[in-house]
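Enquirer: Give me the fold of what follows.
(2 chains)
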Amino acid sequence: MNYQSTELQHQLAARFVVGSMRGLARRRFQRLMMDIPKLRDEVAFWEEHLHELTDTIPIQQPSERVWQRIQSRLGWVQSKTETTSKWPWFFGAFASLLLIVNLVMLIPADPVIAPSIERVAVIQSSEARTLWLIEQREQRLEVAAVGAIERLPNEDYQLWMLPVDGTPPISLGLLPQQGDVILDLGTRIDLAQVAALAVSREPLGGSPEPVPTGPVLYTTDLIRM
Amino acid sequence: MTTPQTLERDLQQIALGDTAAFRRVYEATSAKLYSVSLTIVRRTDWAEEALQDTFIKVWHRAGDYTVAKGSVMSWLISMVRYRSIDLLRNRANQELSTDDFDEIPATDTLDSSLDSLADSKQLRVCMDELQPTTRQAIQLAFVYGLSHQEVSDHLREALGSVKSWIRRGLESLKRCLQR
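Expert: Residues are numbered from 1 along each chain as shown, chains lettered A, B, ... in the order given. Take a look at the predicted model:
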């Protein structure tokens, strides 16, 4: 597809902003936006104009607990009412590192306020530079790209679990080259059976096979908290 | 009083770690952002989650904002909308059921909702130039987060027609907005 075509750029940007672009196409477009400034301009155009449509929505006040939870998540207060299941998104290196440090410090002292991270993984380059941070809560992996990850404009990084029983790797999803994603594992993956995680380089959209087809670039342990 | 300029200044302060500025931006924008999210996800707990996620992102990424990305409000609405759409699709993982359509306005309500836009706004003028069904399809997709299929079900029109209306409607809208 020729993404330099002005007409195509207009159409894709409009579909992205309106929300009719979904799933993998949406993620691909977000990646294209990083590489093509005109796409970013188009998206900004539509956002600025179409957002006026939200003026038609009746305004409702959020509960005060939202502000409390934001403060709690930022580590500014320790919420007594915070339950252990509402930490769904990961935003960057600082937040992630802070979170992990907090966990290590807080779990023995006060399990009530500890978030329900069950496992963590840090994927590092051969020079020991952190590239991705991964947290597992229930059947979700919250992945943040935090380091200088080599950009692959026409390929994807794919995350795999290596089962303890030595059976072939199982795909856990595509890793972001920038920003963060949540990988929903559904019920098909039992993370208790993970011997290690691996990252391979694959064609755009992921390996066409059920196993890695590209080189395995990194491996790491999934550490139980 | 909050103005686009004060929001911009506060965002710059947030990038420097100013928690008071963060609170001001929350106070000024949270109700609007919550309402935008609630209209899409239609569940208070998910809308609250999207709002939390958005403000955590604001705290960590305020420095990413530039005027080239549009107004601060536009930037914030984008974040909460995209997060809400992601939440909706990841969690629900299904199209809306017939029952859900009770919460989506009927076509005449959609049309009258545009009355709340100021007549002077260019968008209002350009939306008025579209065919009613095209206008409604765009509103359902953008404001209510409906997929093409859901818009088709809600309007009881063929999926292909809906796709075509939205595509051509956006083209017309763009030409009008650039006049």
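
Enquirer: Give me the pLDDT value at residue 168.
Expert: No chain in the question, so chain A it is. Reading off the confidence values, residue A:168 has pLDDT 81.

Enquirer: should've been chain B
Expert: At residue B:168, pLDDT is 92.

Enquirer: That one: what's it in contact with?
Expert: Shown in contact with residue B:168 (C-beta atoms under 8 Å, 6 or more residues apart in numbering or on different chains): residue B:134. For the C-beta atoms, the positions are set from N, CA and C on the backbone; glycine is no exception.

Enquirer: The helix or strand it falls within: which residues count as buried?
Expert: For residue B:168, the host element (DSSP states H and E) is helix B:159-177. Along helix B:159-177, these residues count as buried under the neighbour rule (16 or more other C-beta atoms under 10 Å in any protein chain shown): B:162-163, B:165-167, B:169-170, B:172-174, B:176-177.

Enquirer: Same question for stretch A:182-202.
Expert: Neighbour counts over stretch A:182-202 (16+ other C-beta under 10 Å) mark A:182-183, A:185, A:189, A:191, A:194, A:197-202 as buried.

Enquirer: filter those residues by proximity to chain B?
Expert: residue A:182 (C-beta under 8 Å from any C-beta of the partner chain).

Enquirer: quick one: which two of the buried residues of stretch A:182-202 are the most distant?
Expert: Farthest pair in those (C-beta to C-beta) is A:191 and A:201. Separation: 23.3 Å.

Enquirer: What's the first helix or strand after the helix-or-strand element of chain A with minimal mean pLDDT?
Expert: With mean pLDDT, DSSP states H and E as the measure, the helix or strand of chain A carrying the lowest mean pLDDT is helix A:93-106 (a mean of 49). Next helix or strand after helix A:93-106 toward the C-terminus (DSSP H and E): strand A:119-124.

Enquirer: how far out from the middle of the chain is that next one?
Expert: 13 Å (C-alpha atoms, centre = their mean, to the nearest Å).

Enquirer: pLDDT on it, on average?
Expert: On average, strand A:119-124 scores 85.

Enquirer: ok, that strand: who's next to it in the sheet?
Expert: Sheet pairing of strand A:119-124 (DSSP bridges) gives strand A:130-137 (antiparallel), strand A:223-224 (antiparallel).

Enquirer: Lowest average pLDDT across those strands?
Expert: Comparing mean pLDDT across the strands paired with strand A:119-124, the weakest is strand A:223-224, with a mean of 79.

Enquirer: Contacts for that strand, please.
Expert: Contact with strand A:223-224 is made by A:118-121, as judged by C-beta under 8 Å, 6+ apart.

Enquirer: Ok, stretch B:70-90 next?
Expert: A:17, A:19, A:22-23, A:44, A:47-48, A:51, A:54, A:89, A:182, A:184, B:4, B:7-8, B:11, B:25, B:29, B:32-33, B:36-37, B:40-41, B:46-47, B:49-51, B:53-54, B:57-58, B:65, B:69, B:145.

Enquirer: Appreciated, that's everything.
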